[in-house]
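Asker: Sequence and predicted model, in that order:
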Amino acid sequence: MIKNERKIHLYSAFLITLMVNSAKLMALNSDGIIARYWQFNIWEYGFQFIYNFIFCLVLFYLNLSEGKFFSVFRENKQYWKLYTFNVLAVLATLILGSMIHSLFFGTPQLPGGRIRGYFARFFLSSIMIAVVIRLILLMRESRNKDLINEQLNSAYLRTQLQLLQKQLNPHFLFNTLSSLSAIVRENPNLAQNYILHLSKIFRYTLVHSGNNLVTLEKELEHLKSYIQLVKMRLEDAFQIQINFSEDFLNKQILHLSLQPLVENAVKHNRATLSYPLTVEIFEENGWLIIKNNLQPAVGEAEGTGLGLINLNERYKLQTHHEIEINQTTKYFIVKLPLL
């Protein structure tokens, strides 16, 4: 529990105790109704006050200690256990308090008055404690959401930066400009199309940088521009198959999650006319599958996997689901959850 929460527990317990025990102060008026049944005793009042105060603090501690005591029942959504143990704790404290009170301060003039008084005070205390606990839980939920959003934005910005760095690194620019140079000599009109798709890639990366989730249709539209650049460079040595019904186009995935996966396939595998690189994108049981045949490029250094780690981190923060990665002797497969 954070320091501010402890202060809230302390102040709330004091205020609740003061409120439920304020009626006893009316016994100071010797002509009042309370004075007929209970003579004000500073030591007796002090015991009731301290005992009620400790009861409030204990109940706060049992219900708000994360991963311990009654909080475990709430975290596991075992609400019947949560309520049962709270009721038992209140009853046990009530009975124990009345017994200790009778032991030290004797029997009251009104039969049964002491147990009824304890019941009334502890019942009211429990209601107010429950309200404070709910408010603290709402504060925690809001704080956790802010923390998740901050982590998500951080992970998202790192991914964007990595993607831009990949697009601007010398290897990428060398391949892009070499292909463009050859196309310009052979087919100027096709070169214009090449530049158009290249600009679309950068525009999508930057213009949609504030959107964490996009429709599958929009993400595929962006991917097609990247595919065109690859096909202009590799021609028939690169093949891609996209196969699912239009019903799934409105499903959502994370922005900039498809291009890095296709780019990894192109980067780490050889592609020739005899052994073309084939990438398949399809839907299966609520997952978007990106699958490519494995034919590692000769002399290709082993990747760090940071791109996949970042993508998985973004999915965990944004959707509370993880991506699935499978590699066989023939295929490399990544599964993205569809929202």
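Answerer: Good, I have the coordinates.
Asker: can we go C-alpha only for contacts and neighbour counts from here?
Answerer: OK.
Asker: Was I right to think Ala13 contacts Val58?
Answerer: No. Applying Cα atoms under 8 Å, one finds Ala13 not in contact with Val58, separated by 9.6 Å.
Asker: So for those two, which sits in the more crowded spot?
Answerer: A side-by-side neighbour count of Ala13 and Val58, using other Cα atoms under 10 Å, places Ala13 first with 25 against 15.
Asker: low-scoring pLDDT stretches of the stretch 201-339 of the chain, where are they?
Answerer: 205-211, 299-305 (pLDDT under 70).
Asker: Okay, helices next: where are they in it?
Answerer: 216-234, 259-268, 306-319 (DSSP state H, counting those that start in this stretch).
Asker: name the helices or strands packed onto the last one?
Answerer: In other words, helix 306-319. Judged by 3 or more Cα pairs under 8 Å, 6 or more residues apart in numbering; DSSP states H and E, helix 306-319 is in contact with helix 113-168.
Asker: can you rerun that using 10 Å?
Answerer: helix 113-168, strand 252-254, helix 259-268, strand 324-327, strand 331-337 (3 or more Cα pairs under 10 Å, 6 or more residues apart in numbering; DSSP states H and E).
Asker: Can I get the ones you listed in CSV including distance to Val72?
Answerer: Conversion of these to CSV gives the following (distance: least, Cα to Cα, whole Å):
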stretch, distance to Val72
helix 113-168, 14
strand 252-254, 33
helix 259-268, 40
strand 324-327, 29
strand 331-337, 29
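Asker: Single out the most deeply packed of those.
Answerer: Mean neighbour count, computed with mean count of other Cα atoms under 10 Å, is highest for strand 252-254 among the helices and strands packed on helix 306-319, reaching a mean of 21.
Asker: Can you tell me how far Gly67 is from Tyr61?
Answerer: 12 Å (Cα to Cα, to the nearest Å).
Asker: go on, Met139?
Answerer: 16 Å.
Asker: Check His255 too.
Answerer: 42 Å.
Asker: what about the two, which has more around it?
Answerer: Higher neighbour count among His255 and Tyr61: His255, with 22 against 18, using other Cα under 10 Å.
Asker: Go ahead and confirm that one touches Leu223.
Answerer: No. When contacts are counted by Cα atoms under 10 Å, His255 is not listed as touching Leu223 (11.0 Å).
Asker: and for the two, which residues touch both?
Answerer: Taking Cα atoms under 10 Å, 6 or more residues apart in numbering as the criterion, His255 and Leu223 both touch Tyr204.
Asker: which stretch in the helices and strands packed on helix 306-319 has the least confidence?
Answerer: Mean pLDDT is lowest for helix 113-168 among the helices and strands packed on helix 306-319, at a mean of 79.
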